[in-house]
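> Build the 3D model from these lines:
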Amino acid sequence: MRPFRLALLPLVLLALGAIFANTGRATHAAPQADGPKTLLTTGLLNPRGIKVGPDGMLYVAEAGSGGTTTVTTPDMGAVMVGNTGRISKINPTTGERTTVLDGLPSAGAGGGDPEADGTADVAFLDNTLYYLTTGNETIFPGHPAGIYKLQVDGTTKLFANLGAFTKANPVETVKNGSQADVDESGNPYAMIVRDRSFYVVDGNQNQVLAVTETGAVSRLVDFGIHIVTTGIASQASGPLFVATLGEGPFLPEDGRVYQVGFPTGTLTQIASGVSSLTGLAFGPGGKLYAQSFGDTSDDPNGPPWIPGTGRILKVNGDGTLSTITSGFSLGTTFTFIGDTAYVLNDSVNAFGTGEIWKVPNFSSIQPGPPIV
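Next up is the predicted model:
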């Protein structure tokens, strides 16, 4: 079974599409009312990353829905490739969506469902938009996994070739052969900007890469185990923090939060206990929060994750996690504007199109009991 790439295992994604198609995938339940929340916008094409721009708008990386060209690869089989990926700007008050950039490469497993490759995240440096993509050049010739820059004239340019760096500098589990599931180009999942550098977490080669403002790439840390690293967060100074999904069957103890020493790269596990962590963000009061994709199911004939069990959780100082708001399904990440959280829901379009839910007065929501 392949690891979590942009948001899902390809085989799991196919299973999700088939299972939800057979159970009525046109609608999905609203998140539970454990805190006031409203649907801000819908119609998103497999939304994977979200950031607040310098203009106060929300920017969303959308992996797209594949295309009509069939490409066959040794590790993934046949995938449908096209240019349906895009980046959208969302008004955080009205939910109005504007296309910032479209026509970006997207790989799908067929039937409109994304396989694994496409636009993964966005970030800003000096008011300039940068976006992160995954995907090897077998699928996207001339468009390697990396960070791309949106230029003033509206064109895009490769800023940092992460795939080339990873191929030339594989992590230890790949070099010693202990990791069976390998993408030589890596699978960049999320990125942040700090101290005028980009920090990118890779969900296949389990590493954090550092990219300077000139595009030079280096490795901050190799996790040394195939724990499937996903979300990344940081404050203005101090350590970085990384979430993990874990490998199938996605046990709760493999949903972890690590502290990454800066600039040493030393690793310290600080929390665990909830299945399939996908996002991290600092919120009101400088507190750290994590997002769960959902609880895993024991039903061999049902979805691998139980719909409606995705949560936003507080990372507690004693190593536990506490639910703040729940009822989400298959969401990858979230962000804050002041005391309001903006949460991606249905990031793999299993129920229709992706959404953003708005959770106001976030700091006033009483956390649930610690999950142990």
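
> Show me the strands in the stretch 101-250 of the chain, by range?
Taking DSSP state E, counting those that start in this stretch as the criterion, the stretch 101-250 of the chain carries its strands at 113-114, 119-125, 128-133, 146-150, 156-161, 188-194, 197-202, 207-211, 217-222, 229-234, 240-244.

> what packs against the third one?
This points to strand 128-133. Where contact means 3 or more CB pairs under 8 Å, 6 or more residues apart in numbering; DSSP states H and E, strand 128-133 is packed against strand 58-62, strand 77-90, strand 97-110, strand 119-125, strand 146-150, strand 188-194. The way it works is simple: take the backbone N, C-alpha and C, and place the C-beta from them, glycine included.

> Could you list the low-confidence segments of the stretch 51-200 of the chain?
74-76, 109-116 (pLDDT under 70).

> ok, for Leu58, nearest residue in space, not its chain neighbours?
Leaving aside its chain neighbours, Leu58 sits nearest to Ile90 (4.1 Å; criterion: CB to CB, 6 or more residues apart in numbering).

> List the contacts of the one you found.
Going by CB atoms under 8 Å, 6 or more residues apart in numbering, Ile90 touches 40-41, 57-60, 96-98, 356.

> ok, of these, which come out buried?
40-41, 57-60, 97, 356 (16 or more other CB atoms under 10 Å).

> Quickly list what the closest residue to Ser234 other than its chain neighbours is bridged to.
Spatial nearest neighbour of Ser234, excluding adjacent residues (CB to CB, 6+ apart): Leu240 at 4.7 Å. Taking DSSP bridges as the rule, Leu240 bridges to Ser234, Val260.

> Let me know the outermost residue of the protein.
Most distant residue from the mean C-alpha position of the chain: Asp153, 28.3 Å away (CA atoms, centre = their mean).

> Would you agree Gly265 is in contact with Gly224?
No: using CB atoms under 8 Å, Gly265 makes no contact with Gly224, being 11.1 Å away.

> Which one of the two is surrounded by more residues?
Per other CB atoms under 10 Å, whichever of Gly265 and Gly224 has more neighbours is Gly265, with 17 against 13.

> Does the more buried one fall in a helix, a strand, or a coil region?
When classified by DSSP: H, G, I helix; E, B strand; the rest coil, Gly265 comes out as coil.

> Could you report the separation of the nearest residue to it once chain neighbours are set aside from Gly82?
With CB to CB, 6+ apart as the criterion, Gly265 has its nearest non-adjacent residue at 3.7 Å, and that residue is Val221. Taking CB to CB, to the nearest Å as the measure, Val221 falls 35 Å from Gly82.

> do the same with Thr296
Taken as CB to CB, the span from Thr296 to Gly82 is 31 Å.

> same thing with Phe165?
Distance, Phe165 to Gly82, by CB to CB: 27 Å.

> Please apply the same query to Gly118.
For Gly118, the distance to Gly82 - CB to CB - is 10 Å.

> between these two, which one's more packed in?
Each of Gly118 and Gly82 has its neighbours counted (other CB under 10 Å); Gly118 has more, 34 against 18.

> Using CSV, please lay out the buried ones among the contacts of Ile90 together with distance to Gln366.
Formatted as CSV, those follow (distance: CB to CB, whole Å):
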residue, distance to Gln366
Leu40, 23
Thr41, 27
Met57, 30
Leu58, 26
Tyr59, 31
Val60, 29
Arg97, 33
Ile356, 24
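
> Need the max-distance pair from those residues.
Pairwise distances across those (CB to CB) peak at 13.8 Å, for the pair Leu40 and Tyr59.

> Glu253 belongs to a helix, doesn't it?
Yes: under three-state DSSP, Glu253 sits within a helix.

> Quick check: Thr325 vs Ala281, distance?
13 Å.

> higher neighbour count, the two?
Thr325 (26 against 23).

> Can you tell me the element that one falls in?
strand 321-328 (DSSP states H and E).

> Can you give the strand pairings for whichever helix or strand comes after that strand, parallel or anti for each?
Later in the chain than strand 321-328, the nearest helix or strand by DSSP H and E is strand 334-337. Its sheet considered, strand 334-337 pairs with strand 340-345 (antiparallel) by DSSP bridges.
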